[in-house]
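> Just the structure for this:
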Amino acid sequence: MRLRQLDNYMDFMTAVQGCDGEVLFTSEEGDRLDLRSTFCQYLFASSCGDKDYLTKGKILCSAEADYARLAPYLTF
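Prediction:
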């Protein structure tokens, strides 16, 4: 699933923290950030200014139910 343009970063990260499994952001270049890790959240936040980088990346969830929780932020 790809990210939509994030209008509210904090709402998205709150939804990620509520997920049961791992939530990974994978960039076009192959970078993988575990969005439940504080360090990776910092790196992800620093890239939020680059909308192309975010919208071309993918969100991967280890628990299928987590996609429903993140649905408002994803394009299917």
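
> in this protein, which spans are strands?
2-3, 23-26, 32-34, 58-61, 74-75 (DSSP state E).

> looking at those, which is buried most?
Stretch with highest mean neighbour count among these: strand 23-26 (a mean of 20; mean count of other CB atoms under 10 Å). Just so you know, the C-beta spots here come from the backbone N, C-alpha and C atoms, and that holds for glycine as well.

> Any idea how far that strand is from the middle of the chain?
Relative to the mean C-alpha coordinate of its chain, strand 23-26 is positioned 6 Å out (CA atoms, centre = their mean, to the nearest Å).

> how about the helices of the protein, start to end?
Listed in chain order, the helices found in the chain under DSSP state H are 9-17, 38-46, 51-56, 65-70.

> Mind checking the pLDDT average for the last one?
The reference is to helix 65-70. Averaged across helix 65-70, pLDDT comes to 96.

> Other residues contacting that helix?
Under the contact criterion CB atoms under 8 Å, 6 or more residues apart in numbering, helix 65-70 has outside partners 1, 12, 15, 16, 18, 19, 20, 21, 23, 59, 61, 74.

> of these, the lowest pLDDT goes to which?
residue 1 (91).

> got the contact list for the closest residue to that residue other than its chain neighbours?
Spatial nearest neighbour of residue 1, excluding adjacent residues (CB to CB, 6 or more residues apart in numbering): residue 74 at 4.2 Å. By CB under 8 Å, 6+ apart, residue 74 lies in contact with 1, 2, 3, 4, 59, 67.

> before we move on, the earlier item: can you list the helices of the chain in JSON lines and add distance to residue 31 and mean neighbour count?
Conversion of these to JSON lines gives the following (distance: least, CB to CB, whole Å; neighbours: other CB atoms under 10 Å):
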{"stretch": "helix 9-17", "distance to residue 31": "17", "mean neighbour count": "15"}
{"stretch": "helix 38-46", "distance to residue 31": "9", "mean neighbour count": "13"}
{"stretch": "helix 51-56", "distance to residue 31": "9", "mean neighbour count": "14"}
{"stretch": "helix 65-70", "distance to residue 31": "19", "mean neighbour count": "15"}
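
> Select, out of these, the one closest to residue 27.
helix 51-56 (6.4 Å; CB to CB).

> Before I go, just wanted to say thanks for your time.
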